[in-house]
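Q: Generate coordinates for the sequence data below:
(chains A and B)
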Amino acid sequence: MNLKLKIWRQKDAEDKGKMVAYNVTDISEHMSFLEMLDVLNEQLVNSGEEPVAFDHDCREGICGMCSLYINGEAHGPDRGVTTCQLHMRMFNDGDTIFIEPFRAKAFPVIKDLVVDRSAFDRIQQSGGYISVNTSGNTQDANAIPIPKADADEAMDAATCIGCGACVATCKNSSAMLFVGAKVSQYALLPQGKVEAKDRVMNMVNQMDKEGFGNCTNTGACEVECPKGISLTNIARMNREYFSASVTED
Amino acid sequence: MSKLDSKIPEGPIKDKWTTYKDKIDLVNPANKRHIDVIVVGTGLAGGSAAATLAELGYNVKAFCYQDSPRRAHSIAAQGGINAAKNYQGDGDSVYRLFYDTVKGGDYRSREANVHRLSEVSANIIDQCVAQGVPFAREYGGLLDNRSFGGVLVSRTFYAKGQTGQQLLLGAYSAMNRQIARGKIEMFNRHEMLDVVIVDGKARGIIARNLVTGEIERHSAHAVVIASGGYGNVYFLSTNAMGSNVTASWKIHKKGAYFANPCYTQIHPTCIPRSGDYQSKLTLMSESLRNDGRIWVPKNMDDVHAIRAGKLKPTEIAEENRDYYLERRYPAFGNLVPRDVASRAAKERCDAGYGVNETGEAVYLDFRSAIERYGSEQAKLKGLVNASKEEITSLGENVVEAKYGNLFQMYEKIVDENPYKTPMMIYPATHYTMGGVWVDYNLMTTIPGCYAIGEANFSDHGANRLGASALMQGLADGYFVLPYTIGNYLSDDIRTGKISTDTAEFEEAEKNVTDRINQFVNNKGTKSVDYFHKRLGKVMWDKVGMSRNTKGLKEAIEEIQSIREEFWKDVLVPGSADGMNTELEKAGRVADFLELGELFAKDALDRNESCGGHFREESVELDGEQKGEAKRDDENYAYVSAWEYTGEPKDAILHKEELEFNDIELKQRSYK
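A: Numbers count the residues shown, from 1 in each chain, chains lettered A, B, ... in the order given. As a prediction, this is how the structure comes out:
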């Protein structure tokens, strides 16, 4: 198929940036979306132009590095996939496709379609861990039985890949699904209880400090999340946060 | 040869590690505050090492080329992690894990290292659970296990099909705690481009900030390379797009020997290539072979009809299918080890029986399993006269519960429903057992420079067992390196801060800058990918699953000429100031073009078949094992450690003879 692309080009963080039109031809429906961009980039390189910069790495939907806002949707028109898993069969010959970076105040553009998501790292650094040193002398892994249902629910929350689609799709640029998922993983496990109060307070504070917006329960994040992280996690975080606020020493 | 001292401690194998730990020198906590360690790579090995070293009190500087340490490719590991916990009471033990790993590696790994790995394996699970890693559990609340290829016990711990992700996020969380404390300084989007040697010791690195393009000097008392494997030398592999050999190759060029580069694991169950535009290959977990049957048509007419789209695989009658693994290996059938399954698929496809347009695909069929599970369910539910449709539907539910996420992944990529029609699979490069040579301390032949995880060579011999990569990465990072590095650093307590304002840093930086300028000023006519694809094709065709003298000699020449052309004609648009993804790729491919040649040279030297390395000249000629791989213990029971002397063709081979005192060498038989 032949396609028209309108792609956000921005030289660096200071540049104003603009949409630029490109054409690609002979695109196979079996290609992934990023392979289609590879074709465009090969074309650009061969004509001595700078290729479009975009983040990507594992190309199997797990590293969370790829992003892109495609035709107004985070990770494009398919559901339950990242951009690297999106295939061209979702598009038709002659389509015009708009490709933009994830937009949020807390995700400044570095170049073209590449954004800086280090705010997510800083939120994790503020409390997304259990304080246990490596010793080889922690108690036996089976010392505390954990109900299967809790372990499974913790696992569902833990599958977040930190891609930022939830933020990009939210009209408030809220990171509550991301933070809620991490808070939930530990809140559901006995290992996480000890530091639960500090964790939720610190992570939420850091989230606010980074400039993410608030949650108004539209649920767009859950729809666009490639890993199907549920809104329940936001509710659980709110509960944890509330209970920590009223019982704080 | 004096450099190749493996430093294996004396004493019985089961006591070596304990005795070693009792006797090494330690660094007192007050002194650790004055010692800096650089860790390159933040996967399971690098992430766990950085976190643990920081907990101990060292000042750690960690580097990754991704935008966050959480993205390292360990994250893509699906199946699980082995540990000799014996929670199932099925006869597992430290010795048995040790034995299975040495045997699975086709007797080409170092016994003492493997035994230590088995010893610390149980600690890994304890540590990860304490960190909040949500491993799968049974209804009683205890940890669940499953079984993997090549072993007779259930010792694999897992977190759905995302074990690597959960373990990496565990290590990442441990890192985050230390980043918050200021004990780890994290350098995201940075790539190491050289190591700096001062007075014979590794004392720092030169790194490029991939956002600003700045070339930076970083000093430390020791440098740890944890940058993973080099499977992307094939262009197409299951590795991440950015996975590269650069850090390992740079230290090799500064004196670290490179061991067994030809040991590569080609994983049998990956989604086949669909066209020339393909950028990477996707793995389907080995667990699928528990229930899937692998076959190709018996008749060439059927093959042609399938390729022409005139026949569907489901229309081919049972008697016209060749279940070639079951035919050739009745004892193990579809569950033969990875190397054997891969070669058998290649043999059928080379003979012309491949079932897709490229001729490189075989079927992985779940119909039998669906029928079997369906009948079982019908019986359990008391459905006496269940229709064929009912049985199929019941069976599909069982298969979905077991492999649902994999089936969904397949359908998203291929656009075919694997419940209704067999999957198509083909082998792909997955893991590299070879890597930087290290001694028992995990130190390379450069004093103060260490290599851990997939980047080193030591534990998997010529073939890695499933679920052992995660184990090794975390064992090295959490439990081995933090001890062994202390023994070295105890001599450095009076050294003080290493200055970067020296001639050695100056020179290393200049070399890096010169090379970058060479790329951006070259103004050739061909893209980096053009050369990478050509290299990949030579590697796959001649240094792939099956190798021979003629092909390897040709490969060496072809790689040399591609490399020459690359330097003359590569085109890197843009400048070196700021983000330039083509420039990043150019540097990596330049190193692959050198490694590829050494790889072929190593494969040529090793005129035996062992594990993932199959030499057509070395096969069993008769008897029950006719046509199977033939190992040659008399002549090749050594580690090939290559010393760089200027060009890959001039590399000098050093041999570390392998001694097997605790395990008897045997032929692997799966008939």
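Q: list the contacts for the closest residue to B:Asn239 other than its chain neighbours?
A: Nearest in space to B:Asn239, with sequence neighbours left out and distances taken as CB to CB, 6 or more residues apart in numbering or on different chains, is B:Gly231 at 4.5 Å. Backbone N, C-alpha and C define where each C-beta goes, glycine included. If you count contacts by CB atoms under 8 Å, 6 or more residues apart in numbering or on different chains, B:Gly231 has them with B:237-239, B:243, B:264, B:429-432.
Q: Check the burial of B:Asn521 by counting its neighbours.
A: If you count neighbours by other CB atoms under 10 Å in any protein chain shown, B:Asn521 ends up with 10.
Q: And it, what's its pLDDT?
A: Here, the pLDDT recorded for B:Asn521 equals 97.
Q: Below-threshold pLDDT in the chain: ranges please.
A: Just going to use chain A. For chain A, residues meeting the criterion pLDDT under 70 lie at A:248-249.
Q: that's the wrong chain, I wanted chain B
A: In chain B (pLDDT under 70), the answer is B:1-3, B:150.
Q: ok and the residue in it nearest chain A?
A: Proximity of chain B to chain A (CB to the nearest CB) peaks at B:Gly141, 2.9 Å away.
Q: just checking, that residue touches A:Pro147?
A: Yes. Counting by CB atoms under 8 Å, B:Gly141 touches A:Pro147, with 5.5 Å between them.
Q: Which residue is the nearest non-sequential neighbour of the residue nearest the centre of chain B?
A: By CA atoms, centre = their mean, chain B has its centre lying nearest to B:Tyr431, at 2.8 Å. Residue nearest to B:Tyr431 in three dimensions, not counting chain neighbours: B:Gln265, with 4.1 Å by CB to CB, 6+ apart.
Q: Tell me the gap between the host helix or strand of the one you found and the middle of its chain.
A: Secondary structure from DSSP states H and E places B:Gln265 in strand B:264-270. Relative to the chain's own centre, strand B:264-270 is displaced by 10 Å; criterion: CA atoms, centre = their mean, to the nearest Å.
Q: Would you quantify the distance from the residue of chain A most remote from its centre to B:Gln127?
A: The centre of chain A is farthest from one residue, A:Asn137, which by CA atoms, centre = their mean lies 35.2 Å away. Per CB to CB, to the nearest Å, A:Asn137 is found 10 Å from B:Gln127.
Q: what about the strands in chain A?
A: A:3-9, A:18-24, A:69-70, A:73-74, A:96-100, A:109-111, A:114-115 (DSSP state E).
Q: want to try CSV for those, with distance to B:Ser546 and mean neighbour count as columns?
A: Listed next are the strands of chain A as CSV, based on distance: least, CB to CB, whole Å; neighbours: other CB atoms under 10 Å in any protein chain shown:
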stretch, distance to B:Ser546, mean neighbour count
strand A:3-9, 40, 17
strand A:18-24, 37, 12
strand A:69-70, 42, 21
strand A:73-74, 44, 22
strand A:96-100, 42, 18
strand A:109-111, 43, 22
strand A:114-115, 41, 24
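Q: who in the stretch 501-650 of chain B is up against chain A?
A: B:526-529, B:571, B:573-574, B:578-582 (CB under 8 Å from any CB of the partner chain).
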